[in-house]
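**Student:** Any chance you could fold what I've pasted below:
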Amino acid sequence: MLFNSLIFVAFALIFFLVFRLIGKNINGRLIWLTVASFFFYGWWDWRFLSLILISGLIDFFAAKAIQKFPARKKLMLGLSILGNLGSLSLFKYSGFIAENIDRILGLTGDFALASNIPEFFLITPVGISFYTFQSMSYTFDVYRGKLKPTNNFIHFFAYLSMFPQLVAGPIVRAKSMLPQLLEVNSISSEKKWNGFRLIVRGFFKKMVIADNLAPVVVAAFSAPEINSSTLFWWGVILAFAFQIYCDFAGYSDIARGLAIWMGYDFPDNFNHPYISTSIREFWERWHISLSTWFRDYLYIPLGGNRLGKTRSYINLWITMLISGLWHGAAWTFVAWGAVHAFFASFERFTKWPQKLGKNSVAKVAAWILVMLQVLVAWVFFRAENINQALEIVQVMFSFQGPFQLNWGLNATIFILIMIFREIIAAFGIDKKLEGKHPVGEMIFYAVLITIIIFFRGEGSEFIYFQF
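**Tutor:** Residues are numbered from 1 along each chain as shown. All right, here's what the predicted structure looks like:
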């Protein structure tokens, strides 16, 4: 079920009406939240509800076993990891793995592994990477003694399946969310307004910016031949950078706004990543819930930077490569992770952002360099294959072809809107103005809603549904 659909509007109205009627009955709230969330996910394909149940049951009982049998907690954690990653690998990576084995061994025809995989296992369930990682974080935190497992089956599944963030994040930690689910907090008028702000901004980002930029990006990458213009490709990649940012951040904003209306608090998942002046800062601002997940549950357990410089670089590369593979079963995503690992390693080794200085000119120079790196990396993320990505990068740095963008008026307007928006964020102007002029703010959001209705792009799924 898509946030940007009429069926979701009807679903949300019914959900909040019943949620309000239930009142302060905790068990009633948990049951209704779980049932509604399963309906929300099952609207896409009810068959894959079994995967959420399996993932949840594995970690629910693994956590209880870790507490009951502390001497065997490593075994229990291992079984949890094996079960979750096994399910994830079967449905998301089996085709990719089989194709690469076929290529290495030269298998073709009836002997090819890829052609013998049942079609059911070649369908990537919506949001499987999100709810699998969310479920695993619960077991990890119980194993580390940071969280006591819940004995309430419905309590756990209400956490795991919460519909606002179920299929595209943010990834919410159990130690933050489980206690919230047992509380009934009054929602002040200010909180309701904050939720409204987030929801409207989220729909604007998705339906107006992302969906209007999508045709430009799709046309460029699906063309039979690579455009030979350097300026054209820099323009396309800039359009994609804003498309994926607005698409994903828009979903996160809507999810956070809905959570506020329910009386809960989700973490901020994006903090204007395109104003970063270092790659490290970019990852502190981009998809925060995932980057911190990999930091806490992969990079640090591998040793982080505690085992010397060489080991820290190895850990960095492992983390970024797996992060790339998490996004999709294709070598382009692995390459995207590798490109970021290279830029992050070079930055850590040379400390070039610090060496540039802290004055205004240095910050602008650092920002330009970081944006160039991020844009080059996005080529690999969006490209259909590695060869296409390499050809596009070659054109981008060949400084040739006609000096034209071929964006069209729509794309130009929405790109300029986003550039202006990020400049405002860089100077903190938006935060200074927020809430200080109520009438002006109401007019502003009324205008945004009008734009959403009349200038929305062609509706499409959120990009991160595929992950």
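
**Student:** where does the stretch 1-150 of the chain have low pLDDT?
**Tutor:** 120-122 (pLDDT under 70).

**Student:** can you tell me which residues contact K64?
**Tutor:** Residues counted as contacts of K64 (C-beta atoms under 8 Å, 6 or more residues apart in numbering) are P149, N151. Every C-beta, even on glycine, is put in place using the N, C-alpha and C of the backbone.

**Student:** what about I413, distance to Y41?
**Tutor:** 36 Å (C-beta to C-beta, to the nearest Å).

**Student:** Could you check which of the two is surrounded by more residues?
**Tutor:** More crowded of I413 and Y41, by other C-beta atoms under 10 Å: Y41, with 23 against 14.

**Student:** can you tell me which residues contact the more buried one?
**Tutor:** By C-beta under 8 Å, 6+ apart, the contact list for Y41 reads M1, F48, L49, I52, V126, G127, S161, F163, L166, V167.

**Student:** and the last one, what element?
**Tutor:** Counting by DSSP states H and E, no helix or strand carries V167.

**Student:** In this structure it contacts S129, no?
**Tutor:** No. Taking C-beta atoms under 8 Å as the definition, V167 is not a contact partner of S129, at 9.9 Å.

**Student:** of those two, who's got more company?
**Tutor:** Counted by other C-beta under 10 Å, V167 and S129 do not tie: V167 has more neighbours, with 26 against 23.

**Student:** What pLDDT is listed against the more buried one?
**Tutor:** Note on V167: pLDDT of 79.

**Student:** Please apply the same query to H155.
**Tutor:** 95.

**Student:** Might one say that it is in contact with L181?
**Tutor:** Yes. If you go by C-beta under 8 Å, H155 and L181 touch, sitting 6.2 Å apart.

**Student:** what is in contact with those two at once?
**Tutor:** Contacts common to H155 and L181, judged by C-beta under 8 Å, 6+ apart, are L30.

**Student:** Looking at these two, which one has more neighbours?
**Tutor:** Neighbours were counted for H155 and for L181 using other C-beta under 10 Å; L181 has more, 23 against 18.

**Student:** Check which helix or strand the residue lying closest to the more buried one once chain neighbours are set aside maps to.
**Tutor:** Spatial nearest neighbour of L181, excluding adjacent residues (C-beta to C-beta, 6 or more residues apart in numbering): A158 at 5.6 Å. Taking DSSP H and E as the criterion, A158 maps to helix 153-160.

**Student:** What's the mean pLDDT across the next helix or strand after that helix?
**Tutor:** As assigned by DSSP H and E, the chain's next helix or strand after helix 153-160 is helix 174-181. The average pLDDT within helix 174-181 is 93.

**Student:** how about helix 174-181 as CSV, C-alpha atoms only?
**Tutor:** This file holds the C-alpha atoms of helix 174-181, laid out as CSV (Å, rounded to 0.1, in the frame of the first residue of the first chain):
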residue,chain,number,x,y,z
ALA,A,174,13.6,-2.0,19.9
LYS,A,175,15.1,-0.3,23.0
SER,A,176,13.6,3.0,21.9
MET,A,177,10.3,1.7,20.5
LEU,A,178,9.2,-1.1,22.9
PRO,A,179,8.8,1.2,25.9
GLN,A,180,6.9,3.7,23.9
LEU,A,181,4.3,1.1,22.9
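
**Student:** what residues does it touch?
**Tutor:** 26, 29-30, 33, 134, 137-138, 141, 146-147, 150, 155-156, 158-159, 162, 263-265, 267.

**Student:** now stretch 412-422
**Tutor:** 208-209, 212-213, 238-239, 242, 245-246, 272, 274-275, 405, 407.

**Student:** Widest-spaced pair of those residues?
**Tutor:** The most widely separated members of the contacts of stretch 412-422, counting by C-beta to C-beta, are H272 and L405 (24.1 Å).
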